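Engineer: Have a look; sequence and predicted model below, questions after that.
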Amino acid sequence: MKRIIRTLLVASLTLSFAAAISAGGQSYKPPRTSEGLPDLQGIWEAHNAADADIQKFLVGGGTLPYTPEAAKQKAENAKNAKKADPLAQCFLAGVPRTMYLHHPFQLFEGTGYALVTSEYAHTFRYVPMDGRPHIMGLDSWMGDARGKWDGDTLLVDTTDFGDRTWFDSVGNFHSSDLHVIERFTRTGPDVLTYEATIEDPKTFTKPFTIRMTLNRHTEKNFQILEYECYAI
Amino acid sequence: MRFDSRTKDKRFLAAILFFVVLLTLVPMAALHAQQAARGRGGPPAGPVKRRPDGKPDISGYYNSPNAGGAAFNIEPGPPAVGQPATQGAITDPPDKLIPYTPAAKAKRDDLLAHHLYDDPEAHCLPSGIPRQTYAPFGWQILQPDGYIVMLYEAFHAYRILPLDGRPHVAKGVKFWEGDGRARWDGDTLVIDTTNQTGKTWFDMAGNFTTETLHVVEKFTPIDSNTMNWEATMDDPAVYTRPWTISARITKNNSPNYQILEFACHEGEQDLIHYTQEEGNKNGPKAQKK
């Protein structure tokens, strides 16, 4: 009798466990840092073609919601992309483009901050997470970032952009009214789901979101190297 | 005096131009003035803070140390127009001069006299180690798990320094900011840097490096607001003995301070001010006095 009860118990536990796993296919629980934060740290890289055209990564598919005037500008950019791409002059890549260039970045966390250090042009994005407001009024390449945790997801809100960066190498662009909200969610030990919602009422008729996965470098002693684009 | 007055004036003119242009170039300078006007604020110095693992907590914002005017000249230099004398940052050897081999000294003198235009910083190239520490503008130390990370406003440079004891990368790999490895020796943070490019300078006075440069830095916290910094340079290719520079590094506790963006290459308008005599073929001719 005891054995039957135990067998039933084990069976029901196993079943409920399996149900939990299948219901929460995306419910990977990241480990914690020494400070108890969700641990998204590591060296990550996009192995995809987002930099070749972000439109293919649009959540819900379709085309980027350009205003008619901006659509003309986009077409113009695309025609001259080889020369007009800011990266052709080794300029800073901006946001979100920096996150899916074919160069790794390292994500660090601590109480009150997150930090992204990317290999391309030794760019860093320091993300205060202490509730301070945006600076507002800067004209910067990489923007002014503020972060917070939404459960185990790192949320980064970035403003204060100039209008000289592109989203990719085919001329998708923005104005200085750009506002980017990024979501970093570790959906597996070596997988980061990256989302960026882009708002720019001067350029787009409505906000849109791109989504992709980034992969963690697990090679022993892997480290960020230097890509000093203009240091010939 | 090792420099004739013509060279000296030219050198400082170039230095002043560089800084004036740099300041007008960087739109964030005004913001920093605002931040500074809000007052240094912050707590008075107390004992060195500790992390849960007992190591010193040195995280925070720091001011760029003056280091005896090392950003201009790491050696003692004479006063010049609009510029006080540099005392230099060298604490060993006692004569405060870099112990160059004769050939290396001849190269430095030539760079100083004819090639100031080639200062890598003027071309927005990364500063290298140890120059990064006394490059102008503020910087920041972070201590995430397993690393020391240093972020600099100047040239938006950063250093990622693993604490896990891993070896340096292979000899042939060269980095502008070198390959740094950190460890704690008691309360002193020791950073060992190799694999530099040999293309960086120590200052704006032609003191150059080679790719066999080996730098050992020691950051020793004195109290919660102050560190002593020392860097010892060894490079048998150009020095007759190792030599050391040091500086006092203080925290910047201004409320809500943050490092702003120094997009140097994107807005570079400075090089044209270097004269033909300093190596810029397209620059103006030096003014005759």
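Structural biologist: That came through fine. Everything numeric in this text was worked out from a predicted model, so none of it was measured. Numbers count the residues shown, from 1 in each chain, chains lettered A, B, ... in the order given.

Engineer: What pairs with the helix or strand harbouring A:Trp149, parallel or antiparallel?
Structural biologist: Under DSSP states H and E, the secondary-structure element containing A:Trp149 is strand A:144-150. Strand pairing for strand A:144-150, determined by DSSP bridges: strand A:153-159 (antiparallel).

Engineer: that older thread, starting at the chain centroid, how far to the strand holding A:Trp149?
Structural biologist: From the chain centre to the centre of strand A:144-150 is a distance of 12 Å (CA atoms, centre = their mean, to the nearest Å).

Engineer: CA-only coordinates of that strand in CSV, if you can.
Structural biologist: Included here for strand A:144-150 are C-alpha records, laid out as CSV according to Å, rounded to 0.1, in the frame of the first residue of the first chain:
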residue,chain,number,x,y,z
ASP,A,144,21.4,58.6,-22.4
ALA,A,145,20.2,55.3,-20.9
ARG,A,146,18.2,54.5,-17.8
GLY,A,147,17.4,51.0,-16.7
LYS,A,148,15.2,49.0,-14.3
TRP,A,149,14.3,45.4,-13.7
ASP,A,150,11.0,44.1,-14.8
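
Engineer: Just name the shakiest helix or strand of chain B by mean pLDDT.
Structural biologist: helix B:5-25 (a mean of 45; mean pLDDT, DSSP states H and E).

Engineer: Bridged to A:Pro128, which residues?
Structural biologist: Beta-bridge pairing of A:Pro128, defined through DSSP bridges, involves A:Tyr113.

Engineer: Around it, how many other residues sit close by?
Structural biologist: A count of nearby residues for A:Pro128, using other CB atoms under 10 Å in any protein chain shown, gives 18. Glycine gets a C-beta too; all of them are placed from N, C-alpha and C.

Engineer: Show me where the stretch 151-289 of chain B has its strands.
Structural biologist: Along the stretch 151-289 of chain B, counting by DSSP state E, counting those that start in this stretch, strands occupy B:158-162, B:179-185, B:188-194, B:214-223, B:226-234, B:243-250.

Engineer: Okay, buried residues for the last one please.
Structural biologist: Translated: strand B:243-250. Residues of strand B:243-250 classed as buried under the neighbour-count rule (16 or more other CB atoms under 10 Å in any protein chain shown) are B:Trp243, B:Ile245, B:Ser246, B:Ala247, B:Ile249, B:Thr250.

Engineer: for these, which one is nearest A:Pro189?
Structural biologist: The shortest approach to A:Pro189 among these belongs to B:Ile249, at 38.7 Å (CB to CB).

Engineer: show me the contacts for the residue of the stretch 151-289 of chain B found nearest chain A.
Structural biologist: Of all residues in the stretch 151-289 of chain B, B:Glu261 sits closest to chain A, with a separation of 4.4 Å (CB to the nearest CB). B:Glu261 is in contact with A:Leu138, A:Ser140, A:Trp141, A:Met142, B:Met28, B:His156, counting by CB atoms under 8 Å, 6 or more residues apart in numbering or on different chains.

Engineer: Would you pull up the residue in the stretch 51-200 of chain B closest to chain A?
Structural biologist: Proximity of the stretch 51-200 of chain B to chain A (CB to the nearest CB) peaks at B:Pro144, 4.0 Å away.

Engineer: what's the closest non-adjacent residue to that residue?
Structural biologist: Sequence neighbours aside, A:Phe108 is the residue nearest to B:Pro144 in space, at 4.0 Å (criterion: CB to CB, 6 or more residues apart in numbering or on different chains).

Engineer: And that neighbour, which helix or strand is it part of?
Structural biologist: A:Phe108 belongs to strand A:105-110 when assigned by DSSP H and E.

Engineer: Dump the contacts of B:Glu261 to JSON lines, plus pLDDT.
Structural biologist: Below are the contacts of B:Glu261 laid out as JSON lines (pLDDT from 0 to 100):
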{"residue": "A:Leu138", "pLDDT": "91"}
{"residue": "A:Ser140", "pLDDT": "97"}
{"residue": "A:Trp141", "pLDDT": "98"}
{"residue": "A:Met142", "pLDDT": "98"}
{"residue": "B:Met28", "pLDDT": "50"}
{"residue": "B:His156", "pLDDT": "96"}
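
Engineer: Describe which strands the host helix or strand of A:Ile181 pairs with in its sheet and in which direction.
Structural biologist: When elements are assigned from DSSP H and E, A:Ile181 belongs to strand A:179-188. Paired with strand A:179-188 in the same sheet, following DSSP bridges, are strand A:153-159 (antiparallel), strand A:191-199 (antiparallel).
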